[in-house]
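Asker: Please work out how this folds:
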Amino acid sequence: MILQRKSDELLAWIERSFGYVFEQPALCYAALTHRSAGSDHNERLEFLGDSVLNCSVARLLFDAHPDADEGVLSRLRATLVSGDTLAQVALQLGVGEHLRLGPGELKSGGFRRASILADTLEAILGAIFLDSGFDAAAAVVGRLLATRMSSLPTADLLKDPKTRLQEALQGRGLALPIYTLTAVAGDAHAQSFTVTCEVPIFGLAAVGEGGSRRRAEQLSAAKLLDLLPAELRPSEHRKPS
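Answerer: Predicted coordinates for the structure are as follows:
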């Protein structure tokens, strides 16, 4: 009786949160089962759901941005299907509260881990695809990402700081910035990198610190963008007059 009640509650949550009713509840249970909890886990469904998600988002963007080129569409899609975005959506839906985890993952807070939440969301989409087909799964994707679709940043903002800095300089025929690794600190498993970004022609330099060299370079580039002469800065870095 208790198991039946829990099952009914789970399916009711899926209907409320995803706007979908499973014809095959077993698919729903499998999608919410982490590999630490048993052999009938969600990794294969996650694999399937990842493809469904990417295709669904590609079609949504294709229709919503008829003038965007392939590069812009790819960057927009990457924003919508990123692990961070999926984890945020899953957290808002309360996916972690319905996960089936093994004792170890449960104890270590796996129900809050971003990667597990994102993977589970993809697995649910994979389960819906198997249960009712692509159109049903795509409709769920559209509902889940509608708000984010309507508030996507501009194409220029989606470019990383290093790319924006490079384009700002190249657009005026200027030399590329110089990145120098100036310090590495911490143990091997938790290192911190410090990078200096310089644009010698303007005598400008900025320092960034991050958990990887690439992250430090991006942070230093972002700071240097704000230091460029006003006429060189991308519009999003120009201060209001």
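Asker: who touches stretch 102-112?
Answerer: By CB atoms under 8 Å, 6 or more residues apart in numbering, the surrounding residues in contact with stretch 102-112 are 34, 36, 37, 38, 96, 97, 99, 101, 116. Any C-beta I mention is one placed from the backbone N, CA and C, and that applies to glycine too.
Asker: ah, wrong one, I meant stretch 26-44
Answerer: By CB under 8 Å, 6+ apart, the list of residues contacting stretch 26-44 from outside reads 7, 10-11, 14, 22, 45, 49, 95, 98-105, 110, 116, 119-120, 123-124, 126-128, 130-131.
Asker: among those residues, which are in helices?
Answerer: Using DSSP state H, the members of these that fall in helices are 7, 10-11, 14, 45, 49, 103-105, 116, 119-120, 123-124, 126-128, 130-131.
Asker: Count the neighbours of the nearest residue to residue 168 once chain neighbours are set aside for me.
Answerer: What sits nearest to residue 168 in space, not counting adjacent residues and going by CB to CB, 6 or more residues apart in numbering, is residue 232, at 5.1 Å. One way to gauge burial is a neighbour count; for residue 232, by other CB atoms under 10 Å, it gives 18.
Asker: repeat for residue 151
Answerer: Residues near residue 151, counting by other CB under 10 Å, number 7.
Asker: Test for you: state the pLDDT assigned to residue 198.
Answerer: Reading off the confidence values, residue 198 has pLDDT 97.
Asker: how about the spatially most central residue of the chain, phi and psi?
Answerer: With the centre of the chain defined as its mean C-alpha position, the nearest residue by CA atoms, centre = their mean is residue 82, 2.0 Å away. Torsion angles at residue 82 (phi, psi; degrees, to the nearest 10) stand at phi -60, psi 160.
Asker: So residue 96 sits against residue 119, correct?
Answerer: No - using CB atoms under 8 Å, residue 96 makes no contact with residue 119, being 11.9 Å away.
Asker: more crowded one of the two?
Answerer: residue 119 (25 against 18).
Asker: residues shared between the contacts of residue 96 and residue 119?
Answerer: By CB under 8 Å, 6+ apart, no residue touches both residue 96 and residue 119.
Asker: what ranges of this protein fall below the confidence cut-off?
Answerer: Segments of the chain classed as low confidence (criterion: pLDDT under 70) are 1-6, 155-158, 234-241.
Asker: How is the protein divided into domains?
Answerer: Domains of the chain are assigned by automatic domain parsing as 2-153, 159-237.
Asker: Could you look over those and pick the most buried one?
Answerer: Of all these, domain 2-153 has the most neighbours on average by mean count of other CB atoms under 10 Å, namely a mean of 17.
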